[in-house]
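[1] Model the structure of this input:
(one chain, ligands or ions: 1)
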Amino acid sequence: MIEVNELTKRYGRVTAVNGLSFTVSPGLVTGFLGPNGAGKTTTLRMLLGLNTPTSGTVSIDGRPFRELPRGLRQVGALLDAGDVHRGRSATAHLHALARGNGIPRRRVAEVLEEVGLAEVARRRVGTFSLGMRQRLGIAAALLGDPPVLLFDEPLNGLDPEGVKWVRGLFHRLAAEGRTVFVSSHLMSEMEHTADQLVVIGRGELIAAESLTEFATRGTRRSVSVRTPDITTLVAALAAEGASVTTEGDDGCTVTGVDARRIGELARRHDVALEELVTRRSSLEEAFMELTADSAQYQAGESR
Ligand SMILES: Nc1ncnc2c1ncn2[C@@H]1O[C@H](COP(=O)(O)OP(=O)(O)OP(=O)(O)O)[C@@H](O)[C@H]1O
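    All right, here's what the predicted structure looks like:
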């Protein structure tokens, strides 16, 4: 269990994280979503004790990271896949990590096999593609067989097969009862990866809920209508307070009134309906809508 409570981090005049509170439960994959610069990496670094909060607290299984007795065996993390000695082999890199954290050597071969790098285990990391380095970073996170796992943008650089593999791995880790917290700036990446979402923008919480709840709350549903008597129907809908956008001579999109009510109105005004379809916005649209302010702000900052 991860608990973030009223967390704030300022860098001089920049407030990277602002009064952020949320929890991440075991047994689920939780996506940590926000546009570029929203404060995801800063939050993860504070979780790992690499940055000190300006105020507020972060704890893992009830304690700050630095006070966890089992270190990498309690929390595994992939922060920056590039942060590896390029002259070392994958095996040497993991052996060094294992040695420093009291992890048995046999785990190195196990995790290399698990992430599909067994065959290149003795190659220098400097020759690895970004996708291979991501796999090595994931291997490092898994090394201590920890109950809590943090991944910062782990899908970056992976090919479609790699993305599919990572998704399967995360689901399995969660099914084993672990806490799996995964950051991304793309809803499309999280849509088939996460069960639960923590969405932030400008360092502040926007949503903390299941993927399904997020999709429903994020956007208004619209209803697509087609009728030969559009004028009568639009007048009736306007009288109901609906918001209507007409499309051509016989179509309109309606928000603020559901399909059932539109059907009733059509019957009452003797209007024949040729089409009546409720459209739900995609998760991507919900995400864009909810984070639009923070994304615009970041654009203004010309990052
Ligand atoms: N060491 C630092 N010094 C000054 N400002 C920083 C520092 N680290 C982060 N920031 C600022 O804090 C804000 C949040 O950055 P952070 O990297 O946490 O966002 P992010 O959500 O991880 O973004 P991305 O998806 O681009 O990695 C940004 O405005 C960034 O410029």
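[2] Contact partners for Gly34?
    By CB atoms under 8 Å, 6 or more residues apart in numbering, Gly34 lies in contact with 40, 185, 199-201, 206, 291, 294. Heads up, the C-betas are built off the backbone N, CA and C, glycines and all.
[3] In strands, which of those appear?
    Using DSSP state E, the members of the contacts of Gly34 that fall in strands are 199-201, 206.
[4] and the two most separated of those?
    Val199 and Gly201 (7.2 Å; CB to CB).
[5] Can you work out which residues contact both of these two?
    Residues touching both Val199 and Gly201 (CB under 8 Å, 6+ apart): 34, 290-291.
[6] can I get those in CSV with distance to the ligand?
    Listed next are the shared contacts of Val199 and Gly201 as CSV, based on distance: CB to the nearest ligand atom, whole Å:
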residue, distance to the ligand
Gly34, 5
Leu290, 15
Thr291, 11
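[7] CSV please, covering those and showing pLDDT.
    Listed next are those as CSV, based on pLDDT from 0 to 100:
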residue, pLDDT
Gly34, 92
Leu290, 76
Thr291, 78
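[8] which among the residues you listed gets closest to Arg13?
    Nearest member of the shared contacts of Val199 and Gly201 to Arg13, counting by CB to CB, is Gly34, at 20.3 Å.
[9] gap between that closest one and Met190?
    Distance, Gly34 to Met190, using CB to CB, to the nearest Å: 11 Å.
[10] Likewise for Leu169?
    15 Å.
[11] cool, and Arg178?
    Per CB to CB, Arg178 is found 18 Å from Met190.
[12] Settle it for me: which of these two has more neighbours?
    Applying other CB atoms under 10 Å to Arg178 and Met190 shows that Met190 carries more neighbours, namely 27 against 20.
[13] surely the more buried one meets Ser183?
    No. Taking contacts as CB atoms under 8 Å, Met190 lies outside contact range of Ser183: 9.3 Å.
[14] Need the overlap of contacts for those two.
    Common neighbours of Met190 and Ser183, using CB under 8 Å, 6+ apart, are 31, 33.
[15] Gly100: neighbour count?
    Gly100 - counted by other CB under 10 Å - has 10 other residues nearby.
[16] ditto for the one 3 residues further on
    The burial metric for Ile103, expressed as a neighbour count using other CB under 10 Å, is 20.
[17] quick one, phi/psi of Val29?
    phi -90, psi 120 (degrees, to the nearest 10).
[18] what's the spacing between it and the ligand?
    19 Å (CB to the nearest ligand atom, to the nearest Å).
[19] show me what contacts that residue?
    Val29 touches 170-171, 173-174, 180, 182, 193-196, counting by CB under 8 Å, 6+ apart.
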